[in-house]
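# Take this sequence and fold it.
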Amino acid sequence: MRKEVPKHSNPVLPSLRRAFSLYDQINLIDNVPEDQLRFQEFNDTSFTVNGVKYEGSLLCVGNLLMSWSPRKFSEITTDSLSIFQTVRPIPELLIVGCGRDIHPVTPEVRQFVKSLGMKLETVDSRNAASTYNILNEEGRVVAAALLPYGVTS
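Now for the predicted structure:
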């Protein structure tokens, strides 16, 4: 005897609402290892990194964080980035956070970064911090040079 298998004209698909609710429960930001830098907040003069508030400009290389001397965009020079001549491994990307607005770096700075074997991305500081978080969480060797978000020129 042969049993007829009922034919379904429409296959049953998981509900999108269910899929999104599962997705919403996954919070990758809170699952970052403690030894990894993570920008959490910023305001016009400071950044909060791993629960600690830092005033002024910051330079991040991999999971190292340090104060950075430039206070305005025009102070970003080859001298202010000279630490990258000694950093090993060389980051694949340097993300420059220009403050509130995006500015092009000078040709000298662009050539200097290129000569070190890094790519260069200039964006506002909010997006620079976010991009750094994502790439660092992926385990990529990246660097960020960030002016506070309140810097406008």
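
# for the spatially most central residue of the chain, helix, strand, or coil?
The centroid of the chain falls nearest to Tyr132 when counting by Cα atoms, centre = their mean (1.6 Å). Three-state call for Tyr132 (DSSP: H, G, I helix; E, B strand; the rest coil): helix.

# just checking, it touches Phe39?
Yes - using Cβ atoms under 8 Å, Tyr132 is in contact with Phe39, at 6.6 Å. Every residue, glycine included, has its C-beta placed from N, CA and C.

# May I see the buried residues of stretch 144-153?
Neighbour-count burial for stretch 144-153 flags Ala144, Ala145, Leu146, Leu147, Pro148, Tyr149, Val151 (criterion: 16 or more other Cβ atoms under 10 Å).

# actually stretch 114-130, not the one I typed
Within stretch 114-130, the residues scored as buried using 16+ other Cβ under 10 Å are Met118, Leu120, Thr122, Val123, Asp124, Ser125, Ala128, Ala129, Ser130.

# Those residues in strands, which ones?
Those of the buried residues of stretch 114-130 mapping onto strands are Leu120, Thr122, Val123, per DSSP state E.

# how near is the first one to Arg38?
When Cβ to Cβ, to the nearest Å is the yardstick, Leu120 and Arg38 sit 23 Å from each other.

# now swap in the last one and tell me
Between Val123 and Arg38 the distance is 18 Å, computed by Cβ to Cβ.

# so how far is stretch 36-50 off the chain centroid?
11 Å (Cα atoms, centre = their mean, to the nearest Å).

# Equivalent analysis for stretch 62-72, please.
Distance, centroid of stretch 62-72 to centroid of chain: 14 Å (Cα atoms, centre = their mean).

# ditto for stretch 139-153
That offset, for stretch 139-153, works out to 8 Å (Cα atoms, centre = their mean).

# Please name the nearest non-neighbouring residue to Tyr54.
Sequence neighbours aside, Phe47 is the residue nearest to Tyr54 in space, at 5.3 Å (criterion: Cβ to Cβ, 6 or more residues apart in numbering).
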